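Student: here's my sequence, what's the structure:
(chains A and B)
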Amino acid sequence: MSAAPSVQGKLRAGINPGEIKVTGVSKDYGDARFRTQVVRECTFTIERSKLTVMIGPSGCGKSTLIRMLAGFERPDGGTITLNDAPVTGPARDRLVLFQESALFPWMTTWDNILYGPRARGEMGRETLEMAEFLLNKVGLAQFRKKYPSQLSGGMQRRAELARAMINNPEVMILDEPFRGLDAMTKELMWEYYSRLFEETRRTNFFVTTDIDEALFLADRLLIMSNIPCHVRAVLDIDIPRPRTLIAMVENDRANEIKMNALSILHEEAMKSFSRGSKAAADFVQAYAKRVGKS
Amino acid sequence: MSAAIASGAEPRSRQRHSIFRNHLVRAAISLVAFILLWEMGSRLKLPWVGAVPPPTVVMKALLPLLTDQGYWYSWYQSSRRVLTGFLAAMLIGIPFGLAMATSRIFRDVTFPVFEILRPVPPLAWVPAAIIFWPTQELSIGFVIFLGAIFTIMLNVIGGARSIDLRFFQAARSMGSSNWDIFRRIVLPGVLPSIIVGCEVGIGITWNVVVAAEMISGGGGAIQSSAGGGLGFFIWNSYIGGSYPLIVVGMISIGIAGYISSSIIRRLGLLVTPWMRVR
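Tutor: Okay, the predicted model is just below:
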């Protein structure tokens, strides 16, 4: 443990936050006859050393965007750059935390964390120290020899954070990482994750459908439209850090932003709800009237 | 907190112990009930069961065999044949399946042939096997091999395809080479399916052992006519019209299959420790 401060220092010193620019990106799926545009003319910046949160209705194409940011898929149009260099494929500078756990089930926590360094042949003493440090940091020191199926949902997410952080990515991309956790664990994870961000100030891109999660975490909030996906609004969340759950509930500014964001999201959710159904469309119209009157 | 965990753990382990006991008791009940019903059905000449000799008669036929070296030699013969055929199926089926799962080109080239050969029952291969191979043992081994290989291959292919796409994406992002991904993602990812394939496959080899040993015509038998392998033993008893001995042979194969499947299961859990802890 005496080595911890120096490792902490190394962790901080090693961080090299990147900036991703997405310019006019589009993506279609399907064959020539049944073509759906999933992402249309999407333009935004994931600013350096900031926590950018993207929120939008489910099924709006956020995950498609993430796959393009990570380099698993190529956009049909537009460009994606990291520090002004075009993104051409998956690489350790942009690591993704997927929805639900993508820990390798056949590896223990320790081996999962060391996956990246081992793959690149970087298993020196410093790496092992860093792994030890991160293992303690995510509170899993006693679980180093456990397999993912032996960990709780929250522990799995923390192990995955450590597995990503040891590779020191320039941008961390998180795709609804806390979905499926129970409410208590989720809120603890918000606080834990935002502390982690505040300590390192690594560039983070966080995708969610949960407005409370978005407001709690975000420096900048991108509100997405329904499919085809594009940016409807960008809000700066100027609420001081560190944030606490209670402060967020009591904070007038937070509530104001929430109302603002909700009204935009509501509109988009309505669109997806009523798409393709006359009955649902009628309901939405009636609902809109009632809301308008009150 | 730790106290709560400790006190929670104790009754749980006690409970598991008693479940284990019940489990054995239930197995015994099941076997005893099965034998009783069989005995009654056979004695009362109920339809279907009435044609089968009752367990008491079968036991009478079995007892002298227990000291007959030939009978035990049959066990050894059949086990050896099943094991060689099965090992050959593993040695060829697993790499072949992996190649089909990982290489698109290889798959496209081999899949049609694989799919045509797969539905051909091992029994239908018997004449061809006799012509193909110079020795009887090779012919028998070949039929057993065919019984297992397709199941093993299908499971390998299916297992490799069901590996979560995100594992590959995550590995690729963290800088894994193709070889690294194969070694640390594909192999462990497909291992549980290989084990399932082997478990089912070794069962099938016992299924086809009768067909395979019909080829032998009792060749290689020592000591007594009971020594040509368990499959041949059944065939020979049928020719000789000894129904209790047929049942003895059937039960012997059933027990042999049960033992080999559970050995595979044990070995499987040994090499996939992460499946043990679920």
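Student: residue ranges of the helices in the stretch 1-150 of chain B, please?
Tutor: Here the stretch 1-150 of chain B has its helices, by DSSP state H, counting those that start in this stretch, at B:2-43, B:55-66, B:69-102, B:104-117, B:126-132, B:136-161.
Student: which non-adjacent residue is nearest residue 234?
Tutor: All of this refers to chain A. For residue A:234, ignoring the flanking residues on the chain, the nearest one in space by Cβ to Cβ, 6 or more residues apart in numbering or on different chains is residue A:222 at 5.7 Å. Bear in mind the C-beta positions are built from the backbone N, C-alpha and C, glycine included.
Student: my bad, the chain I had in mind was chain B
Tutor: Once its chain neighbours are removed from consideration, residue B:234 has its nearest residue in residue B:249; the separation is 3.7 Å (Cβ to Cβ, 6+ apart).
Student: residue B:180 too?
Tutor: Spatial nearest neighbour of residue B:180, chain neighbours left out: residue A:119 (5.1 Å); criterion: Cβ to Cβ, 6+ apart.
Student: next, residue A:181: secondary structure please.
Tutor: Applying DSSP: H, G, I helix; E, B strand; the rest coil to residue A:181 yields a three-state assignment of coil.
Student: list the contacts of the nearest residue to it once chain neighbours are set aside.
Tutor: Closest residue to residue A:181 in three dimensions, ignoring its sequence neighbours and counting by Cβ to Cβ, 6+ apart: residue A:153, at 4.9 Å. Remark: with contacts taken as Cβ atoms under 8 Å, 6 or more residues apart in numbering or on different chains, residue A:153 is in contact with A:101, A:180, A:181, A:182, A:185.
Student: so what's residue A:153 scoring on pLDDT?
Tutor: Residue A:153 is assigned 89 on the pLDDT scale.
Student: tell me who's in contact with the residue sitting nearest the centre point of chain A.
Tutor: A centroid search over chain A (Cα atoms, centre = their mean) returns residue A:206, at 2.1 Å, as the residue closest to the centre. When contacts are counted by Cβ under 8 Å, 6+ apart, residue A:206 is found next to A:51, A:52, A:53, A:54, A:174, A:177, A:214, A:217, A:218.
Student: the residues you listed in strands, which ones?
Tutor: Using DSSP state E to define strands, the subset of the contacts of residue A:206 located there is A:51, A:52, A:53, A:54, A:174.
Student: need those residues in JSON lines with distance to residue B:82, can you?
Tutor: As requested, the ones in strands among the contacts of residue A:206 are exported to JSON lines (distance: Cβ to Cβ, whole Å):
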{"residue": "A:51", "distance to residue B:82": "61"}
{"residue": "A:52", "distance to residue B:82": "62"}
{"residue": "A:53", "distance to residue B:82": "60"}
{"residue": "A:54", "distance to residue B:82": "58"}
{"residue": "A:174", "distance to residue B:82": "52"}
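Student: I'd like to know which of these are buried.
Tutor: The neighbour-count test (16 or more other Cβ atoms under 10 Å in any protein chain shown) applied to the ones in strands among the contacts of residue A:206 identifies A:51, A:52, A:53, A:54, A:174 as buried.
Student: separation between the closest residue to the third one other than its chain neighbours and chain B?
Tutor: Just to be clear, that refers to residue A:53. Nearest residue to residue A:53, sequence neighbours excluded (Cβ to Cβ, 6+ apart): residue A:218, at 3.8 Å. Residue A:218 sits at a distance of 24 Å from chain B (criterion: Cβ to the nearest Cβ, to the nearest Å).
Student: swap in residue A:8?
Tutor: Noted for residue A:8: a distance of 22 Å to chain B, by Cβ to the nearest Cβ.
Student: residue A:187 too?
Tutor: Counting by Cβ to the nearest Cβ, the separation of residue A:187 from chain B is 20 Å.
Student: for residue A:68, same thing?
Tutor: If you go by Cβ to the nearest Cβ, the gap between residue A:68 and chain B works out to 12 Å.
Student: before we move on, which element is that residue in?
Tutor: Secondary structure assigned from DSSP states H and E places residue A:68 in helix A:62-70.
Student: near chain B, which residues of the stretch 51-200 of chain A show up?
Tutor: Among all residues of the stretch 51-200 of chain A, those adjacent to chain B (criterion: Cβ under 8 Å from any Cβ of the partner chain) are A:70-72, A:90-92, A:94-96, A:98, A:102, A:104-107, A:115-116, A:119-120, A:146-150, A:167.
Student: restricted to buried residues, select these in ChimeraX.
Tutor: If you want just the buried ones from those in ChimeraX, going by 16+ other Cβ under 10 Å, the selection is:
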select /A:70,71,72,90,91,92,94,95,96,98,102,104,105,106,107,115,116,119,120,146,147,148,167
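Student: which ones among the residues of the stretch 51-200 of chain A next to chain B lie within strands?
Tutor: A:94, A:95, A:96.
Student: between these, which sits nearest residue B:59?
Tutor: Each of those was scored against residue B:59 by Cβ to Cβ, and residue A:96 proved nearest at 65.0 Å.
Student: what's in contact with stretch A:230-237?
Tutor: Where contact means Cβ under 8 Å, 6+ apart, the residues beyond stretch A:230-237 that reach it are A:39-44, A:215, A:218-225, A:257, A:260-261, A:264, A:268.
Student: circling back: so the residue nearest to residue A:234 makes contact with residue A:60?
Tutor: No - with contacts counted by Cβ atoms under 8 Å, residue A:222 stays clear of residue A:60, the gap being 11.7 Å.
Student: how much space between residue B:212 and chain A?
Tutor: Remark: distance between residue B:212 and chain A (Cβ to the nearest Cβ) = 36 Å.
Student: ranking helices and strands of chain B by mean pLDDT, which lands last?
Tutor: Counting by mean pLDDT, DSSP states H and E, chain B has its least confident helix or strand at helix B:2-43, which shows a mean of 70.
Student: got any ranges where chain A has weak pLDDT?
Tutor: Regions of chain A meeting the criterion pLDDT under 70 cover residues A:1-5, A:272-277, A:280, A:284, A:287-294.
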